[in-house]
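Chemist: Below: sequence and its predicted model.
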Amino acid sequence: MSDATVLEEADVLVVGGGLHGTSSAFHLARRGAKAIVLEADYVARHSSGVNAGGVRTLGRPLPEIPLALMSREIWHGMADLLGEDGGFVASGQLKIAETDDELAACRERVALLQSHGFTHENVIDRETVLELEPALARHVTGGIWVERDGYALPYRTTTAFRRAAERLGTRFLEGTAVRRIEQRGTRWLAHTPGGTFSAQKLLVTAGAWSGELAKQVGEPVPVHPEGLMLMVTHRVAPFCRATLGATGRPLSFKQFDNGTVVIGGKLIGIADLANRHGEVDFVRLVRSARTVTDLFPHLRNLGVNRAWAGVEAFTEDELPVISASRKASDLYYSFGYCGSGFQLGPGCGKLVSELMLDGTPSLSLDAFAIDRFTSNAASCDARATHLVTTH
């Protein structure tokens, strides 16, 4: 190992200044930990600033639901926690069914949740959908409604966590890309082009770039980058109150108070990981725009004001990695939120701080362990061997 002059030391180094990094830093600082956040670009540059802002418990995979419900309570108390609400609006979220088969799928989904004790999602019929959103096309057949969900402003939310963390003594260093991490004795070193930083504990929340850092300590994760896209329309008279999704096609849709409409929903663009850049795929944007005009025909001639893209990490099983390292001490991960991490940010930051400072979080994170991929592979290999040897 080469000698390195350490520029600054802290209790914790956080690699990545997105919402999960800033939220974790805030919750760590609340517990008295001195943290430094190292951000390669600027805070909220990628998935944390380039998402649809959905504060959504609706439609979550089962393992995420306890985290999402806990995080939603933090959203409802955000102003008291941070002195700023991040633009959170409890608009409710509605997932629209457009066919009888889609409505049947909604009923199956809610029945599954209820069998696990979750009651936050409710099936509603066509008449109730149209009472909630009278401007919707008449072909809708019903949907799922979650009253306490809503939306917020991603950049404003991430900045609110940053400022709250800074008030508690956290340092944020932008334009400081971490190229390499290593553990030396009881200290973690983060090497950047501008110098080396040191701390006892290290948290990797670097989004699509997290996989490379995990690989450096022998924990490869089947993770790949995608370019997530959003578009914003010109202003139009108010017509939609809820935050909308669709059952049969990707959609995240809301209208702001100023009349503009934000359209997203895991719209995949082009990810250039090496150059830290996401590009808009206009062909895919056109398909998404068609979904919107199918549901709201009166928007057919509404112009798009701008579109943009950021880079996000997607895992093989579409669940995030929220975990202590299995290879090294005092190393932790929070990444791979697959385009759905915004709502989880406030709650996961709290859980990560508990994991790092207490050893055990207040909600189980077992489903998100970093070694689950190798465990699954080993199980598959064992089953394959059993089949070969017994047939």
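Modeler: The structure has been received and is ready for your questions.
Chemist: Using the three-state scheme, assign the residue nearest to Gly248 when sequence neighbours are not counted.
Modeler: The shortest distance from Gly248 to any residue other than its chain neighbours is 5.2 Å, reached at Glu102 (Cβ to Cβ, 6 or more residues apart in numbering). C-beta: built from backbone N, CA, C; applies to glycine. Classification of Glu102 by DSSP: H, G, I helix; E, B strand; the rest coil places it in helix.
Chemist: what do you get for His191?
Modeler: Following three-state DSSP, we place His191 in the strand state.
Chemist: count of residues packed around it?
Modeler: Using other Cβ atoms under 10 Å, His191 is surrounded by 16 other residues.
Chemist: ok, it - contacts?
Modeler: By Cβ atoms under 8 Å, 6 or more residues apart in numbering, the contact set of His191 is Ala4, Val178, Arg179, Arg180, Ile181, Glu182.
Chemist: Stretch 315-324 spans what distance, first to last residue?
Modeler: Counting by Cα to Cα, to the nearest Å, you get 17 Å between the two ends of stretch 315-324.
Chemist: Buried residues in that stretch, which are they?
Modeler: Thr315, Asp317, Leu319, Pro320, Val321, Ile322, Ser323, Ala324 (16 or more other Cβ atoms under 10 Å).
Chemist: Give me the contact list for it.
Modeler: Stretch 315-324 has contacts (Cβ under 8 Å, 6+ apart) with 61, 63-64, 210, 214, 221-223, 331-338, 341, 344, 348, 351-352, 355, 365, 367-373, 376.
Chemist: Quickly note the distance from the residue most central in space within the chain to Gly21.
Modeler: Nearest to the mean C-alpha position of the chain, counting by Cα atoms, centre = their mean, stands Gly341 at 1.2 Å. Note on Gly341: its distance to Gly21, by Cβ to Cβ, to the nearest Å, is 11 Å.
Chemist: Equivalent analysis for Glu8, please.
Modeler: In terms of Cβ to Cβ, Glu8 sits 17 Å off from Gly21.
Chemist: hang on, the earlier thing: distance check, the residue nearest to Gly248 against Ile144.
Modeler: As judged by Cβ to Cβ, Glu102 and Ile144 stand 10 Å apart.
Chemist: More neighbours: which of these two?
Modeler: The residue with more neighbours, out of Glu102 and Ile144, is Ile144; 26 against 19, by other Cβ under 10 Å.
Chemist: Relative to Leu28, how far out is the closest residue in space to the more buried one that isn't next to it in sequence?
Modeler: Leaving out its chain neighbours, the residue that sits closest to Ile144 by Cβ to Cβ, 6+ apart is Lys95, at 4.4 Å. The spacing between Lys95 and Leu28, counted by Cβ to Cβ, is 35 Å.
Chemist: Also His116?
Modeler: Distance, His116 to Leu28, by Cβ to Cβ: 31 Å.
Chemist: Please, where are all the strands along the stretch 51-200 of the chain?
Modeler: Shown for the stretch 51-200 of the chain, the strands assigned by DSSP state E, counting those that start in this stretch span residues 54-55, 93-97, 122-125, 142-146, 150-151, 171-173, 180-184, 187-192, 195-204.
Chemist: need those strands in TSV with mean pLDDT, can you?
Modeler: Conversion of these to TSV gives the following (pLDDT from 0 to 100):
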stretch	mean pLDDT
strand 54-55	94
strand 93-97	97
strand 122-125	98
strand 142-146	98
strand 150-151	96
strand 171-173	97
strand 180-184	97
strand 187-192	97
strand 195-204	97
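Chemist: Return the most buried member of these.
Modeler: Using mean count of other Cβ atoms under 10 Å, the stretch among those with the largest mean neighbour count is strand 54-55, at a mean of 28.
Chemist: For His116 and Leu28, indicate the residue with more neighbours.
Modeler: Legend: neighbour count by other Cβ under 10 Å for His116 and Leu28, higher for Leu28 (28 against 10).
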